[in-house]
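A.B. asks: need a 3D model of the following:
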Amino acid sequence: FTFPSALFPFHRHATPEKFYIEACDDGSNDVLVIDRVSTEMTLTGIKDIPPSGVTRPICGIMGTIRLVAGMYLIVITRKRKVGSLFGHTVWKAVEFDMISYKKTILHLTDSQMQDNKTFLSMINSVLNTDGFYFCTDYDLTHTQQRLSNTSPDFQEMSLLERRNKQFSETLAQQFSHTLPQQFSRTLPQQFSRTLPQQFSRTLPQQFSRTLPQQFSRTLPQQFSRTLAQHFSRTLAQHFSRTLAQRFSRTLPQRFSRTLPQRFSRTLPQRSSRTLPQRSSRTLPQRSSRTLPQRSSRTLPQHSSRTLAQHFSRTLAQHFSRTLAQHFSRTLAQHFSRTLPQHSSRTLPQHSSRTLPQHFSRAKSLGELDPFDQSETSADQRFVWNGNLLRDFFAQPELQKFAFPVVHGFIAMKPCCINGKIFEWILISRRSCFRAGVRYYVRGIDSEGHAANFVETEQIVQYNNSRAAFVQTRGSMPFFWSQRPNLKYKPKPQISSTTNHLDGFQRHFDSQVLIYGKQVILNLVNQKGSELPLEQAFAKLVNNLENGMIKYIAFDFHKECSKMRWHRLQILVDAVAEMQDEYGYFMLNSDGKVVSEQSGTFRSNCMDCLDRTNVIQSLLARRSLQSQLQRMGVLHVGQKIEEQADFEKIYKNAWADNANACAKQYAGTGALKTDFTRTGKRTQWGLVMDGWNSMIRYYKNNFSDGFRQDSIDLFLGNYTVDESVEGLTPLRVQKDWKFLTLPIIMLVAFSMCIICLLMAGDTWTETLAYVLFWGSASAVTAAVILFNGKEFVDAPKLVQKEKMD
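C.D. replies: Modelled structure (predicted):
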């Protein structure tokens, strides 16, 4: 029997010693061989496949992961076609299989077997979450506008085989027109506030003179020789532990010896033509005595905290080729022109603190440059199997056997209006940075990654022309939390010990660089427990003083109370002018870009689910109205709302999008989907919202800890070391109150019911028993609620309090 190659493009042949993965649909004779003992991956030919192997068809390779029992191969065993995106078939991964490299687990102890079983259930829990999509020959992680800046040949290449030679040209073009425009608007404002203090206190004057020249000369050479050789085989699994230890010992000694010597040789030659006169008068006096001291004190701390985190997702092999080559050309040219002009009045604190960190962080995580495809030719924010593909990244010849998988929602619908058939597509990409569940992941982390960040793109194609409109959603980008504590709605807590502006600025720096201007639509309540969050958000925007960011607060529940859903039009009308200004991306039938989107709407509520989805669907409809009229699908004066058939498709797809995002973050379907589907609120919709709210309450308090651990394990936030024996975080002992108090409450409540059903001789006796046992159960319940955080299912693998 021959399996159809379209449905099963790979065959997995298993023997006791090796796995053989055969590609069946590209005419190639290459076969991926995985040694089950040494875990080594190599290529061979079809003739080397042993006939004794057990053959199974598979749809693709998700990746590999190490658990207590050793390595596991994760494969996609069943997929479902979603549709065709510009001639490329998009698939939804439906079923998966995890195959152990080891033939038996008898070498494990009983406790290790139990831990391995728990870890396996965690991985399966993530894989069974609906919403994994992939395409073998098209990049689903990028928007149409981002992809339009690459060549057609580059887009047609296999995602994991694209080389940096082609990409470097695109990167140079993107930076040449993006960085000068963005930084000409944002850097002078930010530097004028932040830089003078830090430069006058820390960085020697020579840095502003030699940074462009020295970086262009030394960084590419050093990184290409050392990082590529040393780290190309050693990936980030152990890097975060060893780098911090090594740098804490070596950097102070090395920098105190080498930096003064290097600067004494290199800086005088450049000073006369590069440094402003003002800098040359003020800074030399402090350089010789502050640099070694400052380096020895701050660099180890910064390296252990920053380099270990950032390089953990970046392969040095591609970093040395792409980052060094491009930045040696672009940054040196750009900053050699701009730094001298601004050094005397605009440079310092922000430059030494934020700019280098932002470039290294964004480059490693794919934030600064959304085209960064140095690892997987994909936007790293949306590659959910990136941690599982590390072994494939290290060997480019193996990358044809794997592909990036996105998590979120994709709908592709053929539609017809006025007899004209067009394709309507909705894609939501969920970020894998600061990913997690509803109450355990809120706000942002120290790198500026927002919780539940989702990029939603609406695409329409007609007669070879296409248009796209992009929106984003994400948790309010400052440091706050909302830990479950058995209460229906836990009170949000804003951190009082953290500098919110730093993380806030990092978040919006990356958003502006990727998407352009930002309009924040904050939909939280402006009273009660949500009010402090809205006030903090507004204050941070005002303190940032960035003209690229606008803030609009809209109390969704107040405006739409008592079923007044028509009042949402107030917000749509308020942002209509800005939406017209930002426009949308559009290609004509000749493939020429006729318009680009210059800004995005960033919407949020508390969860960035229900209220957010309603507003996004309204803004997307308004953009679609303009797009279809411009393409000639809609006649002048026609409204989308009047097209009953299309309106039904549109509303149902957006409601399905809301449900998918809600299940992935909150564990249940979205609320208010009756309005999204029908355009009005219904009584049955209120009943379903109540039911979903009850399910959310249970899951958020009693099962989300396991779900959070599952996501952390899947994404590599926690790694299993099979060589370490002893207690794992899974076997943390619960406090005595965890079992004792619920049992007491249950017994007391049961006795109260029994006393009511089996009345005593007199009513006073019955009343006394009921009051006693009722009081006992009420007091016990009050104690449990007071200590609510000890009774909820909390994550065990990663301490979320430390991450916040």
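
A.B. asks: every contact and neighbour count from this point should use C-alpha atoms.
C.D. replies: OK.

A.B. asks: tell me which element V94 falls in.
C.D. replies: Using DSSP states H and E, V94 sits in strand 88-100.

A.B. asks: scratch that, C752
C.D. replies: helix 737-757.

A.B. asks: show me what that helix is packed up against.
C.D. replies: On a contact count with 3 or more C-alpha pairs under 8 Å, 6 or more residues apart in numbering; DSSP states H and E, helix 737-757 meets helix 763-786.

A.B. asks: buried stuff in the helix holding C752?
C.D. replies: Buried positions in helix 737-757, judged by neighbour count with 16 or more other C-alpha atoms under 10 Å: 741-742, 745, 748-749, 751-752, 755.

A.B. asks: go on, stretch 538-556?
C.D. replies: By neighbour count on 16+ other C-alpha under 10 Å, the buried set for stretch 538-556 is 538, 540-541, 544, 546, 548-550, 553-556.

A.B. asks: dump it to PDB, keeping only the CA atoms.
C.D. replies: C-alpha atoms of stretch 538-556 as PDB (Å, rounded to 0.1, in the frame of the first residue of the first chain):
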ATOM      1  CA  ALA A 538      -2.100  56.400  30.900                       C
ATOM      2  CA  LYS A 539       0.600  57.700  33.200                       C
ATOM      3  CA  LEU A 540       3.300  55.600  31.500                       C
ATOM      4  CA  VAL A 541       2.300  56.800  28.000                       C
ATOM      5  CA  ASN A 542       2.500  60.400  29.200                       C
ATOM      6  CA  ASN A 543       5.900  59.800  30.800                       C
ATOM      7  CA  LEU A 544       7.200  58.200  27.600                       C
ATOM      8  CA  GLU A 545       6.500  61.300  25.600                       C
ATOM      9  CA  ASN A 546       6.700  59.500  22.300                       C
ATOM     10  CA  GLY A 547       4.800  61.100  19.400                       C
ATOM     11  CA  MET A 548       4.500  57.700  17.700                       C
ATOM     12  CA  ILE A 549       2.200  56.500  20.400                       C
ATOM     13  CA  LYS A 550      -1.400  57.600  21.100                       C
ATOM     14  CA  TYR A 551      -3.600  56.400  24.000                       C
ATOM     15  CA  ILE A 552      -7.300  56.100  24.000                       C
ATOM     16  CA  ALA A 553      -9.300  54.700  27.000                       C
ATOM     17  CA  PHE A 554     -12.700  53.400  26.400                       C
ATOM     18  CA  ASP A 555     -14.800  51.800  29.200                       C
ATOM     19  CA  PHE A 556     -16.300  49.000  27.300                       C
END
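
A.B. asks: related to what we said a few turns ago, inside strands: which ones of the buried residues of stretch 538-556?
C.D. replies: In strands, judged by DSSP state E, the following of the buried residues of stretch 538-556 are found: 549-550, 553.

A.B. asks: mind giving me TSV with the buried residues of stretch 538-556 and columns for distance to A69 and pLDDT?
C.D. replies: TSV is the format used below for the buried residues of stretch 538-556 (distance: C-alpha to C-alpha, whole Å; pLDDT from 0 to 100):
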residue	distance to A69	pLDDT
A538	50	97
L540	48	97
V541	49	97
L544	50	95
N546	52	95
M548	51	97
I549	50	97
K550	52	97
A553	51	97
F554	52	97
D555	52	97
F556	50	96
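
A.B. asks: from the residues you listed, which is closest to N464?
C.D. replies: Using C-alpha to C-alpha, the shortest approach to N464 within the buried residues of stretch 538-556 belongs to M548, at 33.4 Å.

A.B. asks: what count of nearby residues applies to the closest residue to the closest one other than its chain neighbours?
C.D. replies: What sits nearest to M548 in space, not counting adjacent residues and going by C-alpha to C-alpha, 6 or more residues apart in numbering, is K517, at 4.9 Å. For K517, the neighbour count with other C-alpha atoms under 10 Å is 23.

A.B. asks: which residues does K517 form beta bridges with?
C.D. replies: Note on K517: beta-bridge partners by DSSP bridges are G599.

A.B. asks: of all the buried residues of stretch 538-556, which comes closest to L571?
C.D. replies: Nearest to L571, judged by C-alpha to C-alpha, of the buried residues of stretch 538-556 is F554 at 7.3 Å.

A.B. asks: quick check: the nearest residue to that closest one once chain neighbours are set aside vs E534, distance?
C.D. replies: Leaving aside its chain neighbours, F554 sits nearest to L523 (5.0 Å; criterion: C-alpha to C-alpha, 6+ apart). Per C-alpha to C-alpha, to the nearest Å, L523 is found 9 Å from E534.

A.B. asks: tell me, what's touching these two both at once?
C.D. replies: Listed as contacting both L523 and E534 by C-alpha atoms under 8 Å, 6 or more residues apart in numbering are A553.

A.B. asks: could you list the low-pLDDT ranges of the stretch 301-450 of the chain?
C.D. replies: Counting by pLDDT under 70, the stretch 301-450 of the chain shows low-confidence ranges at 301-377.

A.B. asks: how many residues are close by D48?
C.D. replies: So D48, with other C-alpha under 10 Å, has 10 neighbours.

A.B. asks: hmm, back to that, turn the ones in strands among the buried residues of stretch 538-556 into a markdown table, including distance to L785.
C.D. replies: Below are these laid out as a markdown table (distance: C-alpha to C-alpha, whole Å):
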| residue | distance to L785 |
| --- | --- |
| I549 | 42 |
| K550 | 41 |
| A553 | 33 |
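
A.B. asks: what's downstream of the host helix or strand of Q625, the next helix or strand?
C.D. replies: Secondary-structure assignment from DSSP H and E places Q625 in helix 610-631. Downstream of helix 610-631, the first helix or strand assigned by DSSP H and E is helix 644-665.

A.B. asks: picking that back up, now, among the buried residues of helix 737-757, which is nearest to D391?
C.D. replies: Comparing the buried residues of helix 737-757 against D391 with C-alpha to C-alpha picks out P742 as the nearest, at 47.1 Å.

A.B. asks: check contacts around that closest one.
C.D. replies: Applying C-alpha under 8 Å, 6+ apart, we find P742 in contact with 780-781, 784.

A.B. asks: how far away is it from Y133?
C.D. replies: Counting by C-alpha to C-alpha - P742 and Y133 are separated by 43 Å.

A.B. asks: show me where the stretch 401-550 of the chain has helices.
C.D. replies: 500-515, 531-544 (DSSP state H, counting those that start in this stretch).

A.B. asks: list the beta-bridge partners for R78.
C.D. replies: E95.

A.B. asks: please look at it and D97 and confirm they touch.
C.D. replies: No: assessed by C-alpha atoms under 8 Å, R78 is found out of contact with D97, at 9.5 Å.

A.B. asks: where does the stretch 601-750 of the chain have low pLDDT?
C.D. replies: Residue ranges of the stretch 601-750 of the chain with pLDDT under 70: 722-727.

A.B. asks: could you dump the helices of the stretch 401-550 of the chain into CSV and include distance to L85?
C.D. replies: As requested, these are arranged in CSV below (distance: least, C-alpha to C-alpha, whole Å):
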stretch, distance to L85
helix 500-515, 23
helix 531-544, 38
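
A.B. asks: can you tell me which of those is most buried?
C.D. replies: When the helices of the stretch 401-550 of the chain are scored by mean count of other C-alpha atoms under 10 Å, the highest mean neighbour count falls to helix 500-515 (a mean of 20).

A.B. asks: next, the angle from it to helix 531-544.
C.D. replies: Note on geometry: by axes from the mean of the first three to the mean of the last three C-alpha atoms, to 10 degrees, helix 500-515 and helix 531-544 are set 70 degrees apart in direction.

A.B. asks: with just CA atoms, put helix 500-515 into PDB.
C.D. replies: Taking C-alpha atoms only, helix 500-515 is exported to PDB below (Å, rounded to 0.1, in the frame of the first residue of the first chain):
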ATOM      1  CA  HIS A 500       7.900  50.100  34.900                       C
ATOM      2  CA  LEU A 501       9.100  52.700  32.300                       C
ATOM      3  CA  ASP A 502      12.100  50.600  31.300                       C
ATOM      4  CA  GLY A 503      10.100  47.500  30.300                       C
ATOM      5  CA  PHE A 504       7.300  49.800  28.900                       C
ATOM      6  CA  GLN A 505       9.800  51.600  26.700                       C
ATOM      7  CA  ARG A 506      11.400  48.300  25.500                       C
ATOM      8  CA  HIS A 507       8.000  47.000  24.500                       C
ATOM      9  CA  PHE A 508       6.900  50.000  22.500                       C
ATOM     10  CA  ASP A 509      10.400  50.500  21.000                       C
ATOM     11  CA  SER A 510      10.000  47.100  19.300                       C
ATOM     12  CA  GLN A 511       6.400  47.700  18.400                       C
ATOM     13  CA  VAL A 512       7.100  51.000  16.700                       C
ATOM     14  CA  LEU A 513      10.100  49.500  14.800                       C
ATOM     15  CA  ILE A 514       8.000  46.600  13.600                       C
ATOM     16  CA  TYR A 515       4.600  48.100  13.000                       C
END
